[in-house]
Structures are given as C-alpha cells and as structure tokens.
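Visitor: Can you look at this prediction? I've put the sequence above it.
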Amino acid sequence: MNRFTHLRGAGKAQFQDRFTKKAQELLMPWTEGKKGDIALVGAPLSKSSISHSGAGFAPEAIRRCLSSYSTFAIEEERELADHGFVDFGDILMHPTSIVESQNRIYESLTQVWGEDAAPFTIILGGDHSITTSSIEAFTEHKGRIGVIQFDAHHDLRNVEDGGPTNGTPFRRLLERGILKGEDLVQIGIRNYSNAEAYYQYAMKNDVSVYTMKEVRERNISDIMQESLKMLAEKVDTIYLSVDMDVLDQAFAPGCPAIGPGGMDSGTLLEAVSIGCRHTKTAAMDIVEIDPTLDIRDMTSRIAAHLMLNTLKDRT
C-alpha cells in the first residue's frame, strides 16, 4: 500500500479520467505467437536524407502522440478499445552505413511478415528511402504490388548522383524490376518540387501522376476510387506510401521539405481511409516527419491520427 496519499512514481503523476482510454494503450508489444489487427514496425532511418533530417526520431514521437487521443471515433460511433496494434518495436539502424541500415529494414520486415501477426502492417519511418526495402520485402510475401504514393515529389531521382537517398526509392524499385511503372500511382505532386527530367521519367515508365491541381479541382474520393480500381485489376496487393510533405506546410511544419500549395490534413485523412478500406490494401508506410522541426507535434499528431483511422477502417 502506498504510504503517501498523493505521491506517484516519477513521470506518473498524471490525471486519469476513469471513462477515457488513451489510444497509446492500444499498443501491445509483440510476443511469440501474438496476433492483432495491425502490425506496427518503426524504421528510424534518416541518414539517407538529401536534406538535414531528424526523421529517425519519428517512430517514437508518433507513438507518443497517440496519448493525445482517446479510442472513441464519434463520427462513426465506434469504440476501438477492444482492438489494437501488435508493436514489433523499432529496427536497429547501423550507426554509419546507409546501405546496411536499408538491408536491415528489408531483413526485419521479411521476418515480421513471416510471423503473419496481423492482416495489415504500418511502417513508421524514417525518411522515404525506407520504402524500397519495405516494398521489396512485401513483394516476396504478397506477389505483384500496386503502390499509391502520397507525395509532393516523384522520388524518382537518379542513384548515380547521391546513392540510395530518400529521393530515389521508386526509381530503385522500378530499375530493379520490383515494381512496374504502371502499378505506381502518385498523388499530390506539386509545382517547383521536381525536375522536369523526373516527370518525363514517370511518363516514360507509365506512372500515373495526379498533381495538386487535379487534387484541388477533383474530388479526392474520385481520384482514390479510380486509382484503386485500376490497380486492383492488375495487382495482388496494394501498398500505401504516405510522405507527409504531401501536406501544405501549414499542416505539416515537421517535414524536412515543407512547401506551400499542398494538401490539407482532412483531404489526406480521407484519401488514406479510402485506400485502407480496400480489400487488397495490406500495408502502409508513413515517412518524412522530423520531430526536431515540428511545432507542438502537429505533423506527428496527423500520423497518429492516420494510424487510428486505419485501425478503425480495418476492423
């Protein structure tokens, strides 16, 4: 029995409402044989970023931000308290080698998907270079993959100038034959964020590109349904890649490559929900959040919201 009426352990003297369950409580550490609704893995790699980035700190920040939310979705009158994430923790990065770190992501996700712990997986980056390793591992378990990429950038940079950076993930997947250009949809590409050469590369390789102009002028639901229908007719499984810099800088100040003219958070949340509800969608990564640049965890909170929406949409 506690001898002190009001003293608690260090860091534990916090208010607790008896009727409120915090979303962070939905994280269940993986143990042998454990099953859940969604598997969660952190890939804290940011040394491969072209610009300064602390995206390696994002998995911890996003998990922490779950404590800002309850488990009740009032719009659908859904309580998520009986569902949860099987949390495999974070992949240990090599302190100096980018290539070794990317190999570790591939190896770790291959092992995670081999456990078959959940029907859906969320990978928390990290910068966008993690997506090459993630999709390579995913393809080995799920067959032909279709990708819907939310991004301001094509991420089709050449590898010769800088190696396997966060600007090259989809170039590397296409050149290695892991992903077909016709199976890649890019949504949110915007002005002054890409070289013309990479737009031409996308067109040459039959990548479907929806610019922010199209996002503004069309209903995001229509774009998503069109993209999902096109991919579902050809691929075995769909993978969503959410680069948070698709958002306008007003909504995502914690991205290394912020800029105006991007999506608002409501549009992204709606688009990802539509994607996650599709029966062929089985994985998603969330990348390019630098908590050291963020303001009041604004960007990480959106990522946490995406996680909760995915849990809601998949259960």
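Guide: Yep, that arrived. Residues are numbered from 1 along each chain as shown.
Visitor: Every contact and neighbour count from this point should use C-alpha atoms.
Guide: Will do.
Visitor: Check the gap between His278 and Ile295 for me.
Guide: 33 Å (C-alpha to C-alpha, to the nearest Å).
Visitor: Those two: which has the busier surroundings?
Guide: His278 (17 against 13; other C-alpha atoms under 10 Å).
Visitor: which non-adjacent residue is nearest that one?
Guide: Leaving aside its sequence neighbours, His278 sits nearest to Leu228 (C-alpha to C-alpha, 6 or more residues apart in numbering; 7.7 Å).
Visitor: Next, the contact list for Lys35, please.
Guide: Contact partners of Lys35, counting by C-alpha atoms under 8 Å, 6 or more residues apart in numbering, are 86, 116-118.
Visitor: any idea which of the residues you listed is closest to Ala283?
Guide: For these, the closest approach to Ala283 (C-alpha to C-alpha) belongs to Ala118, at 10.3 Å.
Visitor: and that closest one, what does it touch?
Guide: Contacts of Ala118 by C-alpha under 8 Å, 6+ apart are 35-39, 86.
Visitor: Could you list every helix and strand in contact with the helix or strand hosting Glu60?
Guide: Using DSSP states H and E, the element containing Glu60 is helix 58-65. Applying 3 or more C-alpha pairs under 8 Å, 6 or more residues apart in numbering; DSSP states H and E, we find helix 58-65 packed against strand 120-125, helix 298-313.
Visitor: which parts of the shortest one are buried?
Guide: What that stands for is strand 120-125. 120-125 (16 or more other C-alpha atoms under 10 Å).
Visitor: and if you look at the longest one?
Guide: Neighbour-count burial for helix 298-313, with 16+ other C-alpha under 10 Å as criterion, is recorded at 298-312.
Visitor: where are the low-confidence patches of the stretch 51-200 of the chain?
Guide: With pLDDT under 70 as the threshold, the stretch 51-200 of the chain has no low-confidence stretch at all.
Visitor: rerun at 90
Guide: Under the criterion pLDDT under 90, the flagged ranges of the stretch 51-200 of the chain are 51-52.
Visitor: low-confidence ranges in the stretch 201-315 of the chain?
Guide: Looking at the stretch 201-315 of the chain by pLDDT under 90, you get an empty list.
Visitor: partners of the residue nearest to Val287 when sequence neighbours are not counted in the sheet?
Guide: Residue nearest to Val287 in three dimensions, not counting chain neighbours: Gly125, with 4.6 Å by C-alpha to C-alpha, 6+ apart. For Gly125, the residues forming beta bridges with it (DSSP bridges) are Ala43.
Visitor: tell me the contacts of Gly125?
Guide: Neighbours of Gly125 in contact, by C-alpha under 8 Å, 6+ apart: 42-45, 55-56, 58-59, 285-289.
Visitor: Swap in 7 Å and give it another go.
Guide: 42-45, 55-56, 58-59, 286-288 (C-alpha atoms under 7 Å, 6 or more residues apart in numbering).
Visitor: what about it, distance to Ala61?
Guide: Distance, Gly125 to Ala61, by C-alpha to C-alpha: 11 Å.
Visitor: Show me the strands in the protein, by range?
Guide: Counting by DSSP state E, the chain has strands at residues 27-29, 38-43, 72-73, 78-79, 85-90, 120-125, 145-150, 184-189, 208-211, 237-243, 281-287.
Visitor: Let's have these in a markdown table, adding distance to Ser51.
Guide: Converted to a markdown table, the strands of the chain look like this (distance: least, C-alpha to C-alpha, whole Å):
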| stretch | distance to Ser51 |
| --- | --- |
| strand 27-29 | 32 |
| strand 38-43 | 18 |
| strand 72-73 | 37 |
| strand 78-79 | 40 |
| strand 85-90 | 23 |
| strand 120-125 | 16 |
| strand 145-150 | 19 |
| strand 184-189 | 19 |
| strand 208-211 | 23 |
| strand 237-243 | 15 |
| strand 281-287 | 14 |
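Visitor: so which of the ones you listed comes closest to Val99?
Guide: Among these, strand 38-43 comes nearest to Val99, with 13.6 Å by C-alpha to C-alpha.
Visitor: can you list contacts of that closest one?
Guide: Under C-alpha under 7 Å, 6+ apart, the answer for strand 38-43 is 59, 84-91, 105, 117-126, 311.
Visitor: Send me it as CSV with only the CA atoms.
Guide: Output in CSV follows, covering the C-alpha atoms of strand 38-43 (Å, rounded to 0.1, in the frame of the first residue of the first chain):
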residue,chain,number,x,y,z
ILE,A,38,-2.4,-4.2,-37.3
ALA,A,39,1.3,-4.9,-37.0
LEU,A,40,3.4,-1.9,-36.3
VAL,A,41,7.2,-1.5,-37.0
GLY,A,42,9.5,1.5,-36.7
ALA,A,43,12.2,2.1,-39.3
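Visitor: so who does His128 touch?
Guide: 166, 169, 243, 287-288 are the contacts of His128 under C-alpha under 7 Å, 6+ apart.
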